[in-house]
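Asks: based on what follows, work out the 3D shape:
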Amino acid sequence: MSQNIQHLWHVAVITASPFHLVRQLNMTRVTLIGAGPGRPDLISMRGLDALRRADILLYDRLISDDLLAEVRADATKIFVGKRTGHHPTPQPQINALLIEHARTGKQVVRLKGGDPFVLGRGGEEALALAEVGIPFEVVPGITSALAVPAYAGVPLTEKKLGAAFSIVTGHEDPTKPESQLDWTRLVHMPTLVILMAVKRIRTITDDLLASGCATDRPALAVSRGTTGEQRIVSATVATLAAEIEQQQLPTPAIIVVGDVAGLADPLGWFDPREVGASFIADPKIAPAALMNGSAMASNGSVANVPDPGRGDDGTGRNGAPVLPNAASAFNEPVPTGRVYIAGAGPGHPDLITVRAAKALAQANVILHDRLVSPQLLARVKPLARMINVGKSSKRDRFSQATITQMLVDEALANPEQIVLRLKGGDPFIFGLGSDECAALAAANVPFEVVPGISSVTAVPAFAGIPVTHRGLSTMMTVVSGHGADEAQIGGIAWGNLSSRGTLVVLMGLRKLRLIAQQLLQAGWAGETPIAVIESGTTDAQHVSIGTLANLPAALDEMDPPVLVVIGNVVNLHEQLAWFGEGIAKTTNVWGVAVR
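Replies: Sure thing, here's the model as predicted:
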């Protein structure tokens, strides 16, 4: 087999081979899928597979044409998208459509931008299904709150700038009796990410300044992030609103407030023009022998509600034809001659993104973390070198400085090869990926950040816990429990943590009693629910439920990795739990059965 054919075969393996949980074939009727932040190949492998199997598809406004081109020709496509002030299909009607089509026995897919359980109302849809006994599955996506900053060169956590961040919505339900956004506390967060904020940016920045935010605090707005239309506005909190208005920044846009926003220039790596080029399907790259085997997509699919962004003749948003599977954009190999700093996802091997999976299949050298799934590492090409640089609480194989130098040395040794740094979760969320990017930039080594589906959203989803849910929580705060003491957690004084939303704690198992005690002393209610999730998204997943005043038993017997969720959304676990006891969790990853 020639090197070129061998290279293409590895790419084809990723896009062609079937893989799924046994449960999907036997039980699931509805699959709630996160499509990711905009770039098509940032959907998970599992999400793409389920999309190709759909009989009925209900999809949102911001879903890319490339993803819709992967739907079977005989599938029914129903547009249920919304935009600010215009909801042609209200949420109760979407819930009813899911139930109606699921009862026909067909495979129904609900495809949502970002992550369905992060400000996406996926919890409401799951709850509607659960109440009538319809089996469902949640396939997490990469929320734009995490991926879009990464595409702007901004890590949400950085060892010198903060070990905590909050994600909030700038568009709360105006009928709520009380806002969940306590700006007097949020202003103390090292990093603040605000979604759906452009229309209210002056009110939001005024609230921040009135709550004590420094006028010169760095702020950033990223419009249409991860796509070929990405635009960045760098400013301060005092000047951001005027800059956005002057530049007429289009939506959707993400706002980042905090010192990390100042890293956009030194760590900026993404050229929006590359996305357009890399998603022009080339028959030379995807010959018939390497096609994915799905029926060719057409534009004759039934659409109960037409998508106003696409022509009736099947043209895409810019008048270009929607590409069929015969020339699938997902068969494109990733570019060579660069280092990929990629996230492997939260643990389940099917939750790696398509782009990271292709980089893994093509890589010449892979430096991987300890918790990367062995099933993923089994898919590397022959003769690829793998180096385990993982760390544990007991010992480190290599120092971070050594790992960073290894990346630089490997890239400079052969500038045409692909070097992959594969990290658990997301490389820019407590992953020290920004340190590695900074070293590569200093050495003039081309690199790309491939965001991963973070455990902070995926692990709760696999436990049936949406981190945001209408009426319960419209914000989430993520902190590292490592280094917590009686004064602070993640660099934040305990009294500055808002109890109105959801608190997610990583690396907090050994400090959980201290965390609960300090939250109670800071005024949190003793009956606040808490979930301790061990080995989330894997066959070993176990969920323990308690309250701040009555922690789950046997904490000392639990082993990392553990993620802790605190807040009223934990109460949804009993109704929405879908991955656990009694559910087959054998996977078939890229055609290879594993247990």
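Asks: ok, which stretches of the stretch 201-350 of the chain are helices?
Replies: Assigned by DSSP state H, counting those that start in this stretch, the helices in the stretch 201-350 of the chain fall at 201-210, 240-247, 264-267, 272-278.
Asks: CSV for those helices, including distance to Gly225?
Replies: Every C-beta, even on glycine, is put in place using the N, C-alpha and C of the backbone. Shown next, in CSV, are these (distance: least, Cβ to Cβ, whole Å):
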stretch, distance to Gly225
helix 201-210, 16
helix 240-247, 14
helix 264-267, 12
helix 272-278, 9
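Asks: residue contacts, Trp494?
Replies: Residues counted as contacts of Trp494 (Cβ atoms under 8 Å, 6 or more residues apart in numbering) are 487-488, 518-519, 521-522.
Asks: just these: which are in strands?
Replies: When these are checked against strands (DSSP state E), the matches are Gln488.
Asks: stretch 68-77: end-to-end distance?
Replies: 9 Å (Cα to Cα, to the nearest Å).
Asks: can you give me the buried ones in that stretch?
Replies: 68-72, 75-77 (16 or more other Cβ atoms under 10 Å).
Asks: returning to what we had before: pick the one among the contacts of Trp494 closest to Thr236.
Replies: Nearest to Thr236 among these is Gln488, at 25.7 Å by Cβ to Cβ.
Asks: separation between the residue lying closest to Gly546 once chain neighbours are set aside and Val569?
Replies: Among residues not flanking Gly546 along the chain, Pro552 sits closest, at 4.1 Å (Cβ to Cβ, 6 or more residues apart in numbering). Remark: distance between Pro552 and Val569 (Cβ to Cβ, to the nearest Å) = 17 Å.
Asks: the two: which is more packed in?
Replies: Using other Cβ atoms under 10 Å as the criterion, Pro552 and Val569 rank with Val569 on top: 25 against 16.
Asks: could you look up the SS state of that one?
Replies: For Val569, the assignment made with DSSP: H, G, I helix; E, B strand; the rest coil gives helix.
Asks: mind listing what it touches?
Replies: By Cβ under 8 Å, 6+ apart, Val569 lies in contact with 123, 460, 465-469, 472-473, 502.
Asks: out of those, list just those in helices.
Replies: Those of the contacts of Val569 mapping onto helices are 123, 460, per DSSP state H.
Asks: tell me the two of the contacts of Val569 that are most distant?
Replies: Pro460 and Leu472 (12.8 Å).
Asks: these two: which has the busier surroundings?
Replies: The residue with more neighbours, out of Pro460 and Leu472, is Pro460; 30 against 17, by other Cβ under 10 Å.
Asks: surely that one touches Ala531?
Replies: Yes. With contact defined as Cβ atoms under 8 Å, Pro460 reaches Ala531; the gap is 7.4 Å.
Asks: between those two, what contacts are shared?
Replies: Common neighbours of Pro460 and Ala531, counting by Cβ under 8 Å, 6+ apart, are Val565.
Asks: please name the nearest non-neighbouring residue to the most centrally placed residue in the chain.
Replies: When Cα atoms, centre = their mean is applied to the chain, the residue found nearest the centroid is Ile142 (1.5 Å). Nearest non-adjacent residue to Ile142, counting by Cβ to Cβ, 6+ apart: Gly36, 4.7 Å away.
Asks: so how far is Ile465 from that neighbour?
Replies: 20 Å.
Asks: and the two? Which one has more around it.
Replies: Set Gly36 next to Ile465 and count neighbours by other Cβ under 10 Å: Gly36 wins out with 31 against 27.
Asks: list the contacts of the residue nearest to Ile566 when sequence neighbours are not counted.
Replies: In space, and not counting its chain neighbours, Ile566 is closest to Leu503: 4.2 Å by Cβ to Cβ, 6+ apart. By Cβ under 8 Å, 6+ apart, the contact list for Leu503 reads 476-477, 479, 497, 565-567.
Asks: switch the cut-off to 10 Å
Replies: Each residue near Leu503 by Cβ atoms under 10 Å, 6 or more residues apart in numbering is listed here: 164, 166, 467, 473, 475-479, 489, 497, 515, 519, 524, 528, 530, 564-567.
Asks: do the same with Arg421
Replies: Applying Cβ under 10 Å, 6+ apart, the residues near Arg421 are 339-343, 359, 363, 365-369, 389, 403-404, 406-407, 410, 427, 431, 433, 436-437, 440, 447, 449-450.
Asks: what's the local residue count around the nearest residue to Leu351 once chain neighbours are set aside?
Replies: Counting by Cβ to Cβ, 6+ apart, Leu351 lies nearest to Gly345, which is 3.8 Å off, once chain neighbours are set aside. Gly345 has 30 neighbouring residues, counting by other Cβ under 10 Å.
Asks: any idea of the pLDDT on Gly153?
Replies: Gly153 carries a pLDDT value of 95.
Asks: confirm it sits in a helix?
Replies: No. Counting by three-state DSSP, Gly153 is not part of a helix but coil.
Asks: neighbours around it, how many?
Replies: Quick note: Gly153 (other Cβ under 10 Å) scores 24 neighbours.
Asks: which residues does it contact?
Replies: With contacts defined as Cβ under 10 Å, 6+ apart, the neighbours of Gly153 are 220, 232, 260-261, 263-270, 428, 434, 437-438, 441, 449.
Asks: separation between Leu267 and Gly491?
Replies: 21 Å.
Asks: over to Pro140?
Replies: 27 Å.
Asks: pick out whichever of these two has more residues nearby.
Replies: Pro140 (32 against 16).
Asks: hmm, Thr353 and that one touching each other?
Replies: No. Using Cβ atoms under 10 Å, Pro140 is not in contact with Thr353; the gap is 11.0 Å.
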